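1. What would the 3D arrangement of this be:
(2 chains)
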Protein chains: 2
Amino acid sequence: MDYYSAQISRLIESLAGLPGIGVKSAQRMAFHILDMPEAEVEKLSSAILEAKRKVCYCRQCCTLTDEEICPICKNPKRDQSVIMVVENPRDLAAYEKTGKFEGVYHVLHGAISPMLGIGPADIRLKELMQRLQGDVSEVIIATNSSLEGETTAMYISKLIKPTGIRVTRIASGVPVGGDLEYIDEVTLLRALEGRTEL
Amino acid sequence: MDYYSAQISRLIESLAGLPGIGVKSAQRMAFHILDMPEAEVEKLSSAILEAKRKVCYCRQCCTLTDEEICPICKNPKRDQSVIMVVENPRDLAAYEKTGKFEGVYHVLHGAISPMLGIGPADIRLKELMQRLQGDVSEVIIATNSSLEGETTAMYISKLIKPTGIRVTRIASGVPVGGDLEYIDEVTLLRALEGRTEL
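-> From the prediction side, this is the model:
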């Protein structure tokens, strides 16, 4: 990147460190930033720094928030006795978008992965177990349908079962609108195993 | 984006304003930023603001740089009498990467586009004409091979021809390694027109 001056190279390198951003995209972004009005650039720069400085974990569900207790946990309309366990805040947002889930969440910030050396102690499991001391009727495990997500789901269910609390797992199968011919075999077998009466 | 707290939403919105970044990518980037060490985030945030504040146009070739005269224009080894005209600093970088061009550049910052209402006065043409008062032997027009790029090339060549300075245009044809069957007809015809003796 010697073709650009020091400041521009530094900007491109910083942007290229973000996920999904290669050098070409970083270059496009950098020149776009240099083309933006200074006030806009200040907003972007401070949004990045402020978010990092002010965002913390919700004391209850461990999601990222800028308050001590996140708006979902604080909402009196939510059913505190039903906890949906997700891997990260984006998964939480995905379920919130459905607008149909009325319980609360617990964000693990990861999944157990022996391959990557991530064990039960590296995710927010202890915090989940502590919450179960309270009045909880059901734990819905909504970790991803990947090897790590399934491992985590199995591990959590074994941990919770002895407490007598109901543990469920979201269904796995053919996505709505999905074309059978393009769906992988594992998903097709899951859909078959999970078939329900009509 | 009500599923995220105010600071996170603000960050996602700011990032989603960048070119090629949709809401999903912005979310991924935002959570990655929240996961980065604070020192790294400070570096990113300041790289953005510093670049915007310190980067200016080279007084000679109009590229973006953080000095009054860019390193290429200042380099005594470069042949100041050969000027390659490009649309933007990324195109300049593309030719610099070849490592074979020993002249200097002129960055137009755009191309003439009647469709978008961009006329000759909206790009750095006046600056180019001023440079031609000096000792210039050749102007190589390396604007893109698009409608706007071609229009700009034609316009510039007509403007320069009366001065007696040699004006050339980079060749247009089949890219090296390109598979003929996937190349559009216009390019194929250009390649045919521009054929050379073997």
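2. neighbours around the closest residue to A:Val82 other than its chain neighbours, how many?
-> Excluding the flanking residues, the one nearest A:Val82 by CB to CB, 6 or more residues apart in numbering or on different chains is A:Gly103, at 3.1 Å. C-betas here are computed from N, CA, C, even on glycine. The number of residues packed near A:Gly103 is 18, by other CB atoms under 10 Å in any protein chain shown.
3. Looking at A:Gly103 now. What's its pLDDT?
-> In this model, A:Gly103 is scored at 95, pLDDT.
4. how close does it sit to chain B?
-> 15 Å (CB to the nearest CB, to the nearest Å).
5. so where do the strands sit in chain A?
-> A:56-57, A:64-65, A:79-86, A:103-107, A:138-141, A:166-169 (DSSP state E).
6. for the fourth one, packing partners?
-> Packed against strand A:103-107, as judged by 3 or more CB pairs under 8 Å, 6 or more residues apart in numbering or on different chains; DSSP states H and E, are the following elements: helix A:71-74, strand A:79-86, helix A:89-98, helix A:125-131.
7. Which elements pack onto the second one?
-> Contacting strand A:79-86 under the criterion 3+ CB pairs under 8 Å, 6+ apart are the following elements: helix A:89-98, strand A:103-107, helix A:125-131, strand A:138-141.
8. Can you tell me the strand partners of the shortest one and which way each runs?
-> Just to be clear, that refers to strand A:138-141. Here strand A:138-141 has these sheet partners by DSSP bridges: strand A:79-86 (parallel), strand A:166-169 (parallel).
9. Mind listing what's buried along that strand?
-> Using 16 or more other CB atoms under 10 Å in any protein chain shown as the test for burial, strand A:138-141 gives A:Val139, A:Ile140, A:Ile141.
10. okay, the strands paired with strand A:138-141, which one's buried deepest?
-> Highest mean neighbour count of the strands paired with strand A:138-141: strand A:79-86, a mean of 19 (counted as mean count of other CB atoms under 10 Å in any protein chain shown).
11. what's in contact with that one?
-> The contact list for strand A:79-86 (CB atoms under 8 Å, 6 or more residues apart in numbering or on different chains) reads A:73, A:92, A:95, A:101-108, A:128, A:131, A:134-143, A:156.
12. So A:Ala51 is in contact with B:Ala6, correct?
-> No - between A:Ala51 and B:Ala6 there is no contact, the gap being 9.6 Å when judged by CB atoms under 8 Å.
13. These two: which is more packed in?
-> A:Ala51 (28 against 17).
14. what's the distance between that one and B:Glu138?
-> 51 Å (CB to CB, to the nearest Å).
15. ok, now A:Ile83?
-> Applying CB to CB to A:Ile83 and B:Glu138 gives a distance of 72 Å.
16. so A:Lys97 touches B:Tyr3, yeah?
-> Yes - the criterion here is CB under 8 Å, and A:Lys97 meets it with B:Tyr3 at 6.6 Å.
17. where in chain A is pLDDT low?
-> Within chain A, the ranges that satisfy pLDDT under 70 run A:1-2.
18. phi, psi of the residue most central in space within it?
-> Centroid-nearest residue in chain A, with CA atoms, centre = their mean: A:Asn88, separated by 2.0 Å. Dihedral pair for A:Asn88: phi -150, psi 170, per degrees, to the nearest 10.
19. quick check: longest helix of chain A.
-> helix A:38-54 (DSSP state H).
20. Just the CA trace of that helix, in CSV.
-> The C-alpha trace of helix A:38-54 is given here as CSV (Å, rounded to 0.1, in the frame of the first residue of the first chain):
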residue,chain,number,x,y,z
GLU,A,38,-16.1,16.4,8.0
ALA,A,39,-19.1,16.4,10.4
GLU,A,40,-20.2,13.0,9.1
VAL,A,41,-16.7,11.6,9.6
GLU,A,42,-16.7,12.9,13.1
LYS,A,43,-19.9,11.2,13.8
LEU,A,44,-18.6,7.9,12.4
SER,A,45,-15.4,8.2,14.3
SER,A,46,-17.1,9.0,17.6
ALA,A,47,-19.8,6.3,17.1
ILE,A,48,-17.0,3.8,17.0
LEU,A,49,-15.2,5.0,20.1
GLU,A,50,-18.4,5.8,22.1
ALA,A,51,-19.9,2.4,21.4
LYS,A,52,-16.7,0.7,22.6
ARG,A,53,-16.5,2.8,25.7
LYS,A,54,-20.1,2.8,26.8
